[in-house]
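J.: Okay, sequence plus prediction incoming.
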Amino acid sequence: MAEESLKDSSKKKNYTRSSTTNRKRRKSSKKRNRSMSYITAYLPLAICMAIVLCAGLILFKNSIMLGSYSSKLAQGVGQSALLVKNNVLIDGKAYKGFNKERLVAALNKNKDLKVSDEDTAITIESSDGTHSYTYKMSDFDIKYDIEGAANRALSFASDASSSDWQREYYALENGTVNFHTLSFSKDKVQQTVNAIANEVNIKASNATEKRENGAFKVTPSQIGYEMDSKALFDEIIELFDNKDFGKTVKFDIKQTQPKIETSMFEGADKLIGSYTSYYSDGDDNRIQNLKNGCEKLNGQIVYPGEEFSVNACFNPCTEENGWASAGTIVDGEIEDSIGGGMCQVSSTLYDALLEAELNVTERTNHSMKVNYADYAFDATLAGDYLDLKFQNDTKKPVYIEAFLADNNVCINLYGEEIHSPGRTIELYNELVEVTEPGEPIKRNDPDMYEGETRTLYPMNGLTYDLYKNVYENGQFVESVKLNTSVYAARPETTYVGTKQYENTVYEQPEYDNTDYSAETDYAAENYDYSYE
């Protein structure tokens, strides 16, 4: 029993120690957790406070330094009280601690050059000897300005209230600032360089051509010449700053080549494509637009690799740009709008491009057939989103000739004939699909009075493919599809007027029944009964 009691007692003691140890561990763990939570919560704040404190100390230190320097500068009120500061140089020499009187005397004593207005300041020549210029001191206002140099040196970084003071102060802290006793006009140096450049520089000009009276006239290209104006200006300024007068400065002239050489037009005078489209008389505005479009196209040159845009040539579509109001297709109907008729010019150009076999990069057909071009042979324009474009994929320029003659829009394309003499082509369209117009529809028209109607006849929708057959010496080679054109169907459309008539009420006028014959010389039949 005693042993059991001892064992129980030992177990209790062990349990007690174990419980105590566990409680201590839990308390220690809680403390650690609380400590970590405190650290996690307050660490960012502590870091921010440390950064703010460091920044404050830096600003405080700088403010003390600047304040000290400012207070020192503020002690001198008059110009005579100012002294030359450390790192301020005049003509490369230090005069630290000099006041104005002493500084002016020293600068006058140290003048190392006699300056006369008639002395040669500089000679400027081109490296190839084709240009030479000599200038005197007076041409650049070269003269000593001892007083001005002294004032500039003494006042530098001396006015703490100036907006430039801090910048000037740091300039002296980090290096030297040099002033010159000999002054000259930089503006006159620039004017001199510009005058030389205007004489030397010749812009390279491209060769171009113009067709007049059935023949081409080529304007030759011209080589350009160009000098480096900035390099010459900088060299002159450096010499003058160093009082190095009487020297000869040379500049190089570089040749610049034109992009279009005269030789590019050799062999580019062949008629490679041509087309005409008929127009009828009667609509003066439309004819004006045809003429305006041809005038804008005529003489255009498309160089190798370039893409030509008809919209870019024609726009803006405004009266100020020569366009008038004429019939245009709008939603399947003909309405007057600015530029009506320009599409006949673009369609005629398209057909000439097909004949020339040039690369048409963008083209759109009309929504309905036009009377001047067959299906798939037309090319419409609209704003800046429907365009006719082509690329010159030859090695020579393509020249566009456009004009009106005998009620025809005529367009000729000249360039290099890249195809063999035995090559011929045949262009034809082929009907692919017919779409029914659908059921008749009615629409209200607020511009027509009630009871009035207007009917548009139905049209089938048509899809055409355009093909090119190629022959060599009369033998068929290949057939190439050039485009697919879809013309929209239009159902029978009846427009019904909704505009109401105005109900006008006329008031009965009051007649004057006075017998004027009894009181005046007027006879009753002579009295005017008309109403104003």
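T.: Cool, the structure landed.
J.: any chance you could map the helices in the stretch 1-150 of the chain?
T.: According to DSSP state H, counting those that start in this stretch, the stretch 1-150 of the chain carries its helices in the segments 2-74, 100-109, 146-155.
J.: By mean pLDDT, show me the worst of these.
T.: Mean pLDDT is lowest for helix 2-74 among the helices of the stretch 1-150 of the chain, at a mean of 55.
J.: Below-threshold pLDDT in this structure: ranges please.
T.: 1-46, 48, 52, 54-80, 329-333, 503-532 (pLDDT under 70).
J.: hey, where'd the helices end up in it?
T.: Counting by DSSP state H, residue ranges of the helices within the chain are 2-74, 100-109, 146-155, 165-174, 186-200, 229-241, 284-297, 310-314, 342-356, 516-519.
J.: Might you report the residue contacts of the residue lying closest to residue 239 once chain neighbours are set aside?
T.: Of all residues not flanking residue 239 in the chain, residue 247 sits nearest, at 5.9 Å (CB to CB, 6 or more residues apart in numbering). Yep, even glycine has a C-beta here, placed from its N, CA and C like the rest. Contact analysis of residue 247 by CB atoms under 8 Å, 6 or more residues apart in numbering lists 122, 123, 239.
J.: For residue 247, give the beta-bridge partners.
T.: residue 122 (DSSP bridges).
J.: got it, and residue 337?
T.: Going by DSSP bridges, residue 337 forms beta bridges with residue 326.
J.: Relative to residue 409, how far out is it?
T.: 19 Å (CB to CB, to the nearest Å).
J.: So the two - more neighbours on which side?
T.: Using other CB atoms under 10 Å, the more surrounded residue of residue 337 and residue 409 is residue 409, with 25 against 14.
J.: if I pick the more buried one, what's in contact with it?
T.: 276, 277, 279, 290, 294, 344, 345, 348, 372, 402.
J.: re earlier: any of the contacts of residue 247 buried? List them.
T.: Neighbour-count burial (16 or more other CB atoms under 10 Å) is assigned, among the contacts of residue 247, to 122, 239.
J.: If we only consider the contacts of residue 247, which is nearest to residue 111?
T.: Checking the contacts of residue 247 against residue 111 by CB to CB gives residue 239 as the nearest, at 18.3 Å.
J.: That closest one and residue 245 touch, don't they?
T.: Yes: counting by CB atoms under 8 Å, residue 245 is a contact partner of residue 239 at 7.3 Å.
J.: What is the burial count for residue 446?
T.: Residue 446 - counted by other CB under 10 Å - has 8 other residues nearby.
J.: Likewise for the one 10 residues further on?
T.: With neighbours defined by other CB under 10 Å, the count for residue 456 comes to 16.
J.: Please apply the same query to residue 404.
T.: Other residues within reach of residue 404, judged by other CB under 10 Å, total 17.
J.: Assess the claim that it and residue 291 are in contact.
T.: Yes: if you go by CB under 8 Å, residue 404 and residue 291 touch, sitting 5.7 Å apart.
J.: Count residues in the vicinity of residue 385, would you?
T.: 8.
J.: If you could redo that for residue 142, that was the one I meant.
T.: 24.
J.: Give the full set of residues in contact with residue 389.
T.: 307, 308, 309, 310, 360, 361, 362, 363.
J.: in the protein, which residue is closest to the centre?
T.: residue 312 (15.4 Å; CA atoms, centre = their mean).
J.: tell me the contacts of that one?
T.: Counting by CB under 8 Å, 6+ apart, residue 312 makes contact with nothing.
J.: swap in residue 317?
T.: Residue 317 touches 323, 338, 339, 342, 383, counting by CB under 8 Å, 6+ apart.
J.: redo that, cut-off 10 Å
T.: 289, 311, 323, 337, 338, 339, 340, 342, 381, 382, 383, 384 (CB atoms under 10 Å, 6 or more residues apart in numbering).
J.: Between these, which sits nearest residue 450?
T.: Using CB to CB, the contacts of residue 317 come closest to residue 450 at residue 337, 27.8 Å.
J.: how near is the closest one to residue 294?
T.: Residue 337 is 20 Å from residue 294, by CB to CB.
J.: returning to that earlier point: now, the most widely separated pair of the contacts of residue 409?
T.: 372 and 402, at 14.8 Å, using CB to CB across these.
J.: Neighbour count for the two, which is higher?
T.: residue 402 (23 against 19).
J.: For the more buried one, give its distance to residue 485.
T.: Distance from residue 402 to residue 485, by CB to CB: 23 Å.
J.: what does residue 289 give?
T.: Residue 289 sits 23 Å away from residue 485 when distances are taken as CB to CB.
J.: Pick out whichever of these two has more residues nearby.
T.: Using other CB under 10 Å, the more surrounded residue of residue 289 and residue 485 is residue 289, with 28 against 22.
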